[in-house]
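Participant: Return atomic coordinates for the entry below.
(2 chains)
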Protein chains: 2
Amino acid sequence: MKDRKLILVSNDDGVDAKGLKHLVEIAKKFGDVFVAAPEREQSGKSHSINLGEPLRVRRIEREDGVKFFAIKGTPVDCVKLAINQLVPRKPDLMLSGINHGSNSAVNVIYSGTMGAAIEASLYGIPAIGFSLLDHSKDANFDLIDENADIIIKDVLENGLPYQVSLNINYPVIDKKDFKGYKICTQTKGVWKEEYEKRHDPYGREYYWLTGEFTNHQLDNPETDEWALKNNYAAIVPTKIDFTEYNTIEILKSRLKV
Amino acid sequence: MKDRKLILVSNDDGVDAKGLKHLVEIAKKFGDVFVAAPEREQSGKSHSINLGEPLRVRRIEREDGVKFFAIKGTPVDCVKLAINQLVPRKPDLMLSGINHGSNSAVNVIYSGTMGAAIEASLYGIPAIGFSLLDHSKDANFDLIDENADIIIKDVLENGLPYQVSLNINYPVIDKKDFKGYKICTQTKGVWKEEYEKRHDPYGREYYWLTGEFTNHQLDNPETDEWALKNNYAAIVPTKIDFTEYNTIEILKSRLKV
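Facilitator: Presented below is the predicted three-dimensional model:
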């Protein structure tokens, strides 16, 4: 049994999310599964970590042999603690999700699901974030149940480049309309936020976040938004180097340094 | 006065941080300053946003004319709300910090200071994050007080490429040893985390995060870590596109899509 794969699973919707249950069932086909997931929902937590306060872990026994750790922390806290303390060796693969809602385009930078996957990739662990474009609690994950294996199998066999992870988003469509996977770039654009201003019963104001995404590459078939609108699942290879290399020479010349 | 610049300032150490006070004084030399900063410390909050709960704003009157908003939210919440609701027009410049502590190398992905700057850059606002490699509350910001102007002046005059921000870290050294600015890449490497396991008085375990950075590019003079160790301030141009372009063709060929 020494070639059993060790698979770490996390998410940002918390230990009780339906998407996590589906991802665990998918992962079980490929090896021994350890789940380290947040006790409470952590959507929008990006790559945040708890500093200055300790983490607590609740261990859950499951009859199917899956080791389950519920952690009072962010998705990145879960992955860090799992890799450093909770799993018996470095995982062969890390899977994050299945997220209830989109992490395409610029959403990736706010995403706790991708925060977890990117954190695992930092340690050199091939990592995949799965997201479905449906926010509802009882979203239908059939499309991913049936189509995730081919990607997981490929990554387990061939790995990913160092510190690269995959951000995969799935459209909400009838299975018969699914056109398969498309390798994409992160769509450029910006959220046009609007805040709704209200007053509480004591006259003090507060603001609710609303808003919509403005796509700056509407007709570009290389982008993830295009793929999703055309019934593909979009795969964006994702890195952790924030350097904008093209700007280096511009600044050197401008600042004469 | 129609050519007065509008400058938005934020940070992640909270409204009472010494670094913020210094950055406001620097900013006042260049235009009308609006501060939108978190009520409480938000270190390690990365690009996280509050979803599902409203934001509250406390307006602080200052004698020097600086408009001051203290917001119960993350640094990114502060910048979003300020741009959308609190400032009279789109800012000409956004400054974040001065952070008490390093945001060099991979720290950038956990950084609330850079979360705020990157968020502003998303809206097409030139943005600069300033950090000093000293965590202490009463850190000495003299080096930045004396050297920030040249960068701010350049960015106000020449702008930055669309959705690019600057991540500037300063070493903790005697001013006489300062060698100036160096345009750098984000150093590749990884945090080797270690968690200290303890038990509370009721026998339940908890974990404290500790750890140290392992530099994978130790002798590379193009990197920000090298610059800082050699008495330069390191400027890394930073983008929000997470796409790892080099991997796209690899995956297309492997997955035959």
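
Participant: give me the low-pLDDT residue ranges for chain A?
Facilitator: Low-confidence segments of chain A (pLDDT under 70): A:1-2.

Participant: So which residues of it form helices?
Facilitator: Secondary structure of chain A (DSSP state H): helices at A:18-28, A:75-81, A:112-122, A:142-147, A:149-158, A:224-229, A:245-255.

Participant: who wins for proximity to chain B among the ones you listed?
Facilitator: Across the helices of chain A, chain B has its closest neighbour in helix A:245-255 (3.7 Å, CB to the nearest CB). For every residue, glycine as well, the C-beta is placed using N, CA and C.

Participant: Quick check: residues of the stretch 1-150 of chain A near chain B?
Facilitator: Residues of the stretch 1-150 of chain A lying close to chain B by CB under 8 Å from any CB of the partner chain are A:43-52, A:54-57, A:74, A:76-77, A:80-81, A:83-85, A:106, A:108-110, A:112, A:114-115, A:118, A:122-124, A:150.

Participant: Pull out the buried residues from the residues you listed.
Facilitator: A:43-50, A:54-55, A:57, A:74, A:76-77, A:80-81, A:83-85, A:106, A:108-110, A:112, A:114-115, A:118, A:122-123 (16 or more other CB atoms under 10 Å in any protein chain shown).

Participant: could I get the helices of chain A as CSV with distance to residue B:226?
Facilitator: What follows is the helices of chain A, written out as CSV (distance: least, CB to CB, whole Å):
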stretch, distance to residue B:226
helix A:18-28, 40
helix A:75-81, 26
helix A:112-122, 20
helix A:142-147, 43
helix A:149-158, 33
helix A:224-229, 35
helix A:245-255, 14
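
Participant: out of those, which comes closest to residue A:65?
Facilitator: helix A:18-28 (8.5 Å; CB to CB).

Participant: got the angle for that closest one vs helix A:149-158?
Facilitator: 50 degrees (axes from the mean of the first three to the mean of the last three CA atoms, to 10 degrees).

Participant: May I have helix A:18-28 as PDB, with CA atoms only?
Facilitator: Presented in PDB, the C-alpha positions along helix A:18-28 are these (Å, rounded to 0.1, in the frame of the first residue of the first chain):
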ATOM      1  CA  LYS A  18     -22.300  20.300   0.200                       C
ATOM      2  CA  GLY A  19     -19.500  21.100  -2.200                       C
ATOM      3  CA  LEU A  20     -16.900  19.800   0.200                       C
ATOM      4  CA  LYS A  21     -18.800  16.500   0.600                       C
ATOM      5  CA  HIS A  22     -18.800  16.100  -3.100                       C
ATOM      6  CA  LEU A  23     -15.000  16.800  -3.400                       C
ATOM      7  CA  VAL A  24     -14.200  14.300  -0.700                       C
ATOM      8  CA  GLU A  25     -16.100  11.600  -2.500                       C
ATOM      9  CA  ILE A  26     -14.200  12.400  -5.700                       C
ATOM     10  CA  ALA A  27     -10.900  12.400  -3.900                       C
ATOM     11  CA  LYS A  28     -11.500   9.100  -2.200                       C
END
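
Participant: what packs against it?
Facilitator: strand A:5-10, strand A:31-38, strand A:93-100, strand A:127-132, helix A:142-147, helix A:149-158 (3 or more CB pairs under 8 Å, 6 or more residues apart in numbering or on different chains; DSSP states H and E).

Participant: what about residue A:199, neighbour count?
Facilitator: Residues within reach of residue A:199, counting by other CB atoms under 10 Å in any protein chain shown, total 9.

Participant: what's the answer for the one 4 residues further on, then?
Facilitator: A count of neighbours around residue A:203, defined by other CB under 10 Å, yields 6.

Participant: now residue A:197
Facilitator: Neighbour tally, residue A:197, other CB under 10 Å: 12.

Participant: Residue A:178 against residue A:142, yeah?
Facilitator: No: applying CB atoms under 8 Å as the test, residue A:178 and residue A:142 come out as separate, 10.2 Å apart.

Participant: These two: which is more packed in?
Facilitator: residue A:178 (16 against 11).

Participant: quick one: contacts for that one?
Facilitator: Residues near residue A:178 by CB atoms under 8 Å, 6 or more residues apart in numbering or on different chains: A:143, A:147, A:171, A:231, A:232, A:233.

Participant: Repeat that for residue A:108.
Facilitator: Contacts of residue A:108 (CB under 8 Å, 6+ apart): A:114, A:167, A:186, A:236, A:238, B:242.

Participant: surely the fifth one meets residue B:242?
Facilitator: Yes: with contacts defined as CB under 8 Å, residue A:238 counts as touching residue B:242 at a distance of 4.6 Å.

Participant: any common contacting residues for the two?
Facilitator: With CB under 8 Å, 6+ apart as the test, residue A:238 and residue B:242 both reach A:108, A:114, A:118, A:167, A:186.

Participant: Identify the farthest-apart pair in those.
Facilitator: Largest pairwise distance in the shared contacts of residue A:238 and residue B:242, by CB to CB, is 12.9 Å, between A:118 and A:186.

Participant: shared neighbours of these two, which are they?
Facilitator: Contacts common to residue A:118 and residue A:186, judged by CB under 8 Å, 6+ apart, are A:238, B:242.

Participant: picking up where we left off before, in strands, which of the residues of the stretch 1-150 of chain A next to chain B appear?
Facilitator: If you go by DSSP state E, the residues of the stretch 1-150 of chain A next to chain B have A:55, A:56, A:57 in strands.

Participant: wait, which of these is closest to residue A:95?
Facilitator: residue A:57 (19.7 Å).

Participant: beta partners for that closest one?
Facilitator: residue A:71 (DSSP bridges).

Participant: returning to that earlier point: of residue A:238 and residue B:242, which one has the most company?
Facilitator: A count of neighbours by other CB under 10 Å puts residue A:238 above the other of residue A:238 and residue B:242, at 26 against 23.
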